[in-house]
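*Asks:* no FASTA, just this:
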């Protein structure tokens, strides 16, 4: 993939950064499975956004938009605090091939872009309540609280990936299951045998888990296969084998319009501002020289799938 804007090459990294921004935003408003059905559209938009960002950077320079050193320093300080200190931030940047000075320059450009976008979209009106309600009614399936479950587990990892070691681990967990069914305390057995820190810390408790945010094998067992109070047979995941106890389960219920209203307002206003910005970028695009040799679909779909997998594990 090669894209050039007025002779400036757009990197793959820049496109992926735009993809991440799109995914982060839309994952707040629709299930990740639905996002996965929009691969082609999101990748196309990410590429267009990367071109648009370069055009906006050039426009920032043309207009001589400046931001104060104090604003940049405050942002840098916040980043350093989040990273665990300036030295830790330097280490993180070094792994990415960046210096502190380069990172500071990127923050300045980002704030300049924010200032330009604010000017371009300043006249975009908020949505009327009727429009919000119409969107809610047409997309009601998106506004349902997810299923949740309170779970404890005992995790044991096999000594190797061999079938013999895996069978030994299953047998050990089945023995622990029998002890629990005969009256022994789950938390005490978790503290003695579990290889997850939760065993010793909180008796194996994983807290309240949300459907769709955990590995598929546990998601299936907890939310589809188990009954309340049940002790599972060993469930294998990439972490090892789990013995699960389903302590509580809450089925998701539809959100009322008033609960979803703010989220819908945010989404639709964001899209309105995006449309206004797109129209502005189109004007810049019409005056620019853009070279694009097209998309290698298999390559980009693989990157997109990797990104989705990373989101599931986060």
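*Replies:* Nice, I can see it. In this text the structure is predicted, and so the values were computed from the model without any measurement.
*Asks:* residues near residue 243, how many?
*Replies:* 27 (other C-beta atoms under 10 Å). C-beta: built from backbone N, CA, C; applies to glycine.
*Asks:* I'd assumed it was in a helix, is it?
*Replies:* No. According to DSSP: H, G, I helix; E, B strand; the rest coil, the state of residue 243 is strand, so it is not within a helix.
*Asks:* Mind giving me the packing neighbours of the helix or strand that contains residue 109?
*Replies:* Secondary structure assigned from DSSP states H and E places residue 109 in helix 100-120. Counting contacts by 3 or more C-beta pairs under 8 Å, 6 or more residues apart in numbering; DSSP states H and E, helix 100-120 packs against helix 39-63, helix 69-83, helix 86-95, helix 257-286.
*Asks:* Tell me who's in contact with residue 52.
*Replies:* 277, 278, 281, 284, 285 (C-beta atoms under 8 Å, 6 or more residues apart in numbering).
*Asks:* what's the distance between it and residue 60?
*Replies:* According to C-beta to C-beta, to the nearest Å, residue 52 stands 12 Å off from residue 60.
*Asks:* you'd agree residue 289 is up against residue 7?
*Replies:* Yes. Using C-beta atoms under 8 Å, residue 289 makes contact with residue 7 at a distance of 7.2 Å.
*Asks:* how is this structure carved up into domains?
*Replies:* Under the assignment automatic domain parsing, the domains of the chain span 3-140+256-313, 148-250.
*Asks:* rewinding a little: what's the ChimeraX syntax to select whichever of the contacts of residue 52 are buried?
*Replies:* Only the buried entries of those go into this ChimeraX selection, using 16 or more other C-beta atoms under 10 Å:
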select :277,281,284
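*Asks:* Stretch 61-78: which residues count as buried?
*Replies:* Buried residues in stretch 61-78, counted by 16+ other C-beta under 10 Å: 67, 72, 75, 76.
*Asks:* looking at this structure, which helix or strand is least sure?
*Replies:* Least confident helix or strand, the chain: helix 297-313 with a mean of 55, by mean pLDDT, DSSP states H and E.
*Asks:* out of the helices and strands packed on helix 100-120, deepest packed?
*Replies:* helix 39-63 (a mean of 18; mean count of other C-beta atoms under 10 Å).
*Asks:* thinking again about what came up before, immediately after the helix holding residue 109, which helix or strand?
*Replies:* Next along the chain from helix 100-120, counting by DSSP H and E, comes helix 129-138.
*Asks:* who does the very next helix or strand once past that next one pair up with?
*Replies:* The helix or strand immediately downstream of helix 129-138 is strand 148-156, counting by DSSP H and E. If you go by DSSP bridges, strand 148-156 pairs up with strand 205-210 (antiparallel), strand 240-250 (antiparallel).
*Asks:* Now do the contacts for the residue nearest to residue 79 when sequence neighbours are not counted.
*Replies:* Spatial nearest neighbour of residue 79, excluding adjacent residues (C-beta to C-beta, 6 or more residues apart in numbering): residue 89 at 6.2 Å. Counting by C-beta under 8 Å, 6+ apart, residue 89 touches 79, 80, 83, 100, 103.
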